[in-house]
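Colleague: coordinates for the following, if possible.
(chains A and B)
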Amino acid sequence: MVPRQTIADRPELSDEHLRLIIDALPAQIWSARPDGSVELLNRRLLDDTGLSAGEAAGRSWTAVVHEDDRSRLLRWWQTVSVSGAPGEVDGRLSRRDGGHGWFRFRWVPVRNSSGTIVRWCGTSTPLDHEPAASAPPEGELSFRLAIDSLPGFLCTNTADGAVERVNERLLSYTGRTLEQLKDWQSVVHPDDRAGVAARWASCTATGQPFETDVRIRSGQGVYRWFHNRGLPARDLEGRIVRWYNLMTDIDDRKRAEDLLRESEQRLRSIVDSIPGLVATLNAEGEILSVNQQILSYFGTGLAELQGWVTSGAVHPDDVPRVKATWDHANATGQPWESEHRLRRADGVYRWFQTNALPLRGSAGGVVRWYVLVTDIDDRRKAEEAEARARADLERAFERLRDTQAQLSRAAQIATVGELAASIAHEVNQPLAAVVTNGHACLRWLSAVPPNREKAQEAAERIVRDGKDAGEVVRRIRALFKRAPVERTSLDVADVIREVVRLVERDASNKRVTVQTDLTSDLPSVLGDRLQLQQLLLNLLLNAFDAVDPVLDRARHVSIQARRYDEATAVVEVRDDGVGLADPEKIFEPFYTTKETGMGMGLAICRSIAEAHEGTLRAAPNQGPGTTFSFTLPLHREGPP
Amino acid sequence: VTDGRPIVFIIDDDARMCDALTSLIDSTGLRVAAFHSASAFLAADKPDAPACLILDLELPDVSGLELQRELSNRDAPPIVFISGHGDVPSSVKAMKAGAVEFLAKPFGDEELLRAIDAAVALDQTARQTRSELAELRRRHDLLTPREREVLSFVVAGLPNKQTASELGTSEITIGVHRGRIMRKMGARSLAELVRLADKLGAPPRRL
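Modeller: Sure thing, here's the model as predicted:
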């Protein structure tokens, strides 16, 4: 014997073998189809009852019982077959000896893998005596037990649909009596009532199975969802004699479904309400689904959007880029993103940013692309505007820097120029008075008769104002000599570089090359930075003027700074210009070789050099041009 | 004060220049008065005579150009500017604002005296025009409201008959009005009356 093995586990057993076993079993064996028609009876059963196989085949198994038990057993069977639960019932069968005997029938359903009942198997066991008459009939008791232990509500209805009987569970759930439940609609949820009633009416009229989901109110006033399934029971002639309704509690499932649906809806509404376009694509780029925004934006259906890269949705200028991105993503399966313009329903292109994430199958290949397309048009335009504004600003700054450089240069030059102009004015005032007095004097003298008194007065004023003019010049000289000089320790190379920077533009305009030769170990000098710059600036601008007439060769100006002796540094400004006729005369006030000059520049320069305890000289070069050189005292560390 | 000889005003903050200019102008026989600032000039009593103003561009209180602007709305004498700086933009401004001449110091006596002569002549003409206009205004003020009304029709060239019908009166009455208007305005002919009304800016009646 092989323990714990069923016949199904013994494929070596043939059907014939099994048949022999079933026939030999010391029990009456039945097998019936789901509708109760006899499929098979074993030898023992046929022998005990005297039934023939042909007589029973195809008929309901209840048809072979004693005729007084038939309707009861049929009722029982209908209940059992609806509930699908194993059951037992007592009934009479004919005996071989010609009489009848009591038997106990036990039926169990056989289900296939999906749970559907494919057949019923039963046994019938002879009883020693008739079941007690005082007790409720065996069938009745069994029915009660069965229906009351069913995990659901059971309700039988008359052929015209009226409630006949219900099981205990339904009574206790609804908290009603059978009488009250005759008005079954009172426990049905108001929203379901009309629909269920109509359906029920239609089923009872046509005999179609009745199936519906319905909310039924409990005694506590709570509604729960039930799945109701009702089948009609027919008599031998096929007339409906009764309806059997089974109600299964599906509330938990239903709620779960509702939650699922709700969550799906929520998800859908989120997808439809996110401020972006959402789409799913398959690996080939075919669009599977899109949210409402995509449809509204493009103003088309899903079908028209297929082949979106080249179907006109993407701006023609962006197509190659988008295509390259997509091809790359397709080849690598990497997330991708792209910025491109998409054509709106009204023909306007707007900028979008597309982000796509892949969903991979179990084999690792991409099965879906989840694509989010965000409108960045405003941002993009703002960025462009900002970039333009920034570029404008940069240009403005550059202009400002230029202007500033020019201004500061102008201011530096103006210091000397203005000084000269104000000196000119100071001298000019008494000079103008002298001239006017001179004219007046002449007029008084040439009057008829001459007015000697007035002429003399005028002449006296000429002398007075002439002295004034001289005084002005003397005062200016004194001013320069006594000008307070703020002397600090200076890096002379630094001072030179600053001035050269100031005249760079001027130099390039005038096509002058400025060369600096600054000894690196030049010690610090003592001086006033601004005044030294004025001095240098003046010498440089003079040098530019000196090389200006040069047309036949490059125009050169060079600046050299070096140590002269232990206590002195020397700075030389050398030009290869036209040269000077008289290198000393140029330092005299109001001496000028220029048409527009005041003739004060070099005089001031020399006074600056002298104020620094230095000298300013000019000397003709060996070749063309002049070299101006000035000396400055070195800054000595510690007390002198 | 009743001396009708032209007078030259000088405004220059430089005392030496004031002295020299005073002497030079004095030598030509013109009257002269010198001031060291614009405010001193404005505050001074000035004789009722043809005049010109020699104005230094650089003054300590109000600049020459500002004073010129301030004087432009009054019946001020024509201006000859003098300046120690040969400042081109200022000279352009000054000339545009109606200066007679702009002289850079130092200048020759001939230049200055020519400019003074021209300025004084301008002022004489202006004064003449002003006094004629004042006289006309005085005469116009003598007209009654009705006579001014009739004058507007006459100036518009309407014959008496039509004027009478416009004003709802007789032709004879208009003739009488017209005679009075001619007398009061000192006009010897209709043409002269129209010219005088034009000078006054009295508007012709719009028809």
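
Colleague: quick one: least confident helix or strand in the chain?
Modeller: The chain I'm using is chain A. The least trusted helix or strand in chain A, going by mean pLDDT, DSSP states H and E, turns out to be helix A:138-149, with a mean of 64.

Colleague: other chain: chain B
Modeller: Per-SSE averages on chain B (mean pLDDT, DSSP H and E): minimum helix B:88-96, a mean of 81.

Colleague: okay, the residue most central in space within chain B: pLDDT?
Modeller: Of all residues in chain B, the one closest to the mean position by Cα atoms, centre = their mean is residue B:126, 3.6 Å from it. Residue B:126 carries a pLDDT value of 90.

Colleague: packing partners for the helix or strand hosting it?
Modeller: Following DSSP states H and E, one finds residue B:126 within helix B:109-142. Helices and strands touching helix B:109-142, by 3 or more Cβ pairs under 8 Å, 6 or more residues apart in numbering or on different chains; DSSP states H and E, are helix A:377-446, helix B:15-26, strand B:51-56, strand B:79-83, strand B:101-104, helix B:171-185, helix B:190-200. Where you see a C-beta, it was placed from the backbone N, CA and C, and this is true even at glycine.

Colleague: after that helix, next one along is what?
Modeller: Following helix B:109-142 in sequence order, the next helix or strand is helix B:145-155 (DSSP H and E).

Colleague: re the thing from before, JSON lines for the helices and strands packed on helix B:109-142, including distance to residue A:205 and mean pLDDT?
Modeller: JSON lines is the format used below for the helices and strands packed on helix B:109-142 (distance: least, Cβ to Cβ, whole Å; pLDDT from 0 to 100):
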{"stretch": "helix A:377-446", "distance to residue A:205": "63", "mean pLDDT": "73"}
{"stretch": "helix B:15-26", "distance to residue A:205": "133", "mean pLDDT": "93"}
{"stretch": "strand B:51-56", "distance to residue A:205": "125", "mean pLDDT": "94"}
{"stretch": "strand B:79-83", "distance to residue A:205": "123", "mean pLDDT": "92"}
{"stretch": "strand B:101-104", "distance to residue A:205": "123", "mean pLDDT": "89"}
{"stretch": "helix B:171-185", "distance to residue A:205": "120", "mean pLDDT": "91"}
{"stretch": "helix B:190-200", "distance to residue A:205": "118", "mean pLDDT": "87"}
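
Colleague: of these, which is nearest residue A:566?
Modeller: helix A:377-446 (32.1 Å; Cβ to Cβ).

Colleague: returning to that earlier point: which elements pack onto the least confident helix or strand of chain B?
Modeller: Using 3+ Cβ pairs under 8 Å, 6+ apart: helix B:88-96 touches helix B:64-71, strand B:79-83, strand B:101-104.

Colleague: for the strand or helix carrying residue A:18, which outside residues touch it?
Modeller: Assessed by DSSP H and E, residue A:18 sits inside helix A:15-24. Residues from elsewhere that reach helix A:15-24 (Cβ atoms under 8 Å, 6 or more residues apart in numbering or on different chains): A:7, A:29, A:42, A:43, A:44.

Colleague: closest one to chain B out of those, please.
Modeller: Nearest to chain B out of these is residue A:7 (Cβ to the nearest Cβ; 126.4 Å).

Colleague: for the stretch 101-250 of chain A, which segments count as strands?
Modeller: Secondary structure of the stretch 101-250 of chain A (DSSP state E, counting those that start in this stretch): strands at A:117-126, A:153-158, A:163-166, A:210-217, A:223-234, A:240-249.

Colleague: do you know how far the one residue sitting closest to the centre of chain A is from residue A:342?
Modeller: Centroid check for chain A by Cα atoms, centre = their mean gives residue A:374 as the closest residue, at 7.3 Å. According to Cβ to Cβ, to the nearest Å, residue A:374 stands 11 Å off from residue A:342.

Colleague: who touches both of the two?
Modeller: Any residue near both residue A:374 and residue A:342 by Cβ under 8 Å, 6+ apart counts here, and that gives residue A:352.

Colleague: enumerate the residues of the stretch 451-600 of chain A near chain B.
Modeller: Residues of the stretch 451-600 of chain A found near chain B (Cβ under 8 Å from any Cβ of the partner chain) are A:451, A:454, A:457, A:458, A:461, A:464, A:465, A:468.

Colleague: among these, which ones are in helices?
Modeller: Assigned to helices by DSSP state H, the following of those qualify: A:454, A:457, A:458, A:461, A:464, A:465, A:468.

Colleague: ok, these vs residue B:120, which is closest?
Modeller: residue A:454 (21.8 Å).

Colleague: how many other residues sit next to the closest one?
Modeller: Using other Cβ atoms under 10 Å in any protein chain shown, residue A:454 has 18 other residues around it.

Colleague: please name the nearest non-neighbouring residue to it.
Modeller: residue A:444 (4.1 Å; Cβ to Cβ, 6 or more residues apart in numbering or on different chains).

Colleague: and if you look at residue A:241?
Modeller: residue A:235 (5.0 Å).

Colleague: may I have the phi/psi pair for the one you found?
Modeller: The phi/psi pair for residue A:235 (degrees, to the nearest 10) reads phi -80, psi -180.

Colleague: so it sits against residue A:242, correct?
Modeller: No. The pair residue A:235 and residue A:242 does not pass the contact test of Cβ atoms under 8 Å, sitting 9.3 Å apart.

Colleague: quick one, which of these two is more surrounded?
Modeller: Of the pair residue A:235 and residue A:242, residue A:242 is the one with more neighbours under other Cβ under 10 Å, namely 18 against 11.

Colleague: the residue lying closest to the more buried one once chain neighbours are set aside - how many residues pack around it?
Modeller: Nearest non-adjacent residue to residue A:242, counting by Cβ to Cβ, 6+ apart: residue A:233, 4.7 Å away. Residue A:233 is flanked by 19 other residues according to other Cβ under 10 Å.

Colleague: contacting residues for residue A:233?
Modeller: Residue A:233 neighbours (Cβ under 8 Å, 6+ apart): A:74, A:75, A:78, A:240, A:241, A:242, A:243, A:244.

Colleague: quick check: the fourth one vs chain B, distance?
Modeller: When Cβ to the nearest Cβ, to the nearest Å is applied, the distance between residue A:240 and chain B equals 114 Å.

Colleague: I am finished for the moment; much appreciated.
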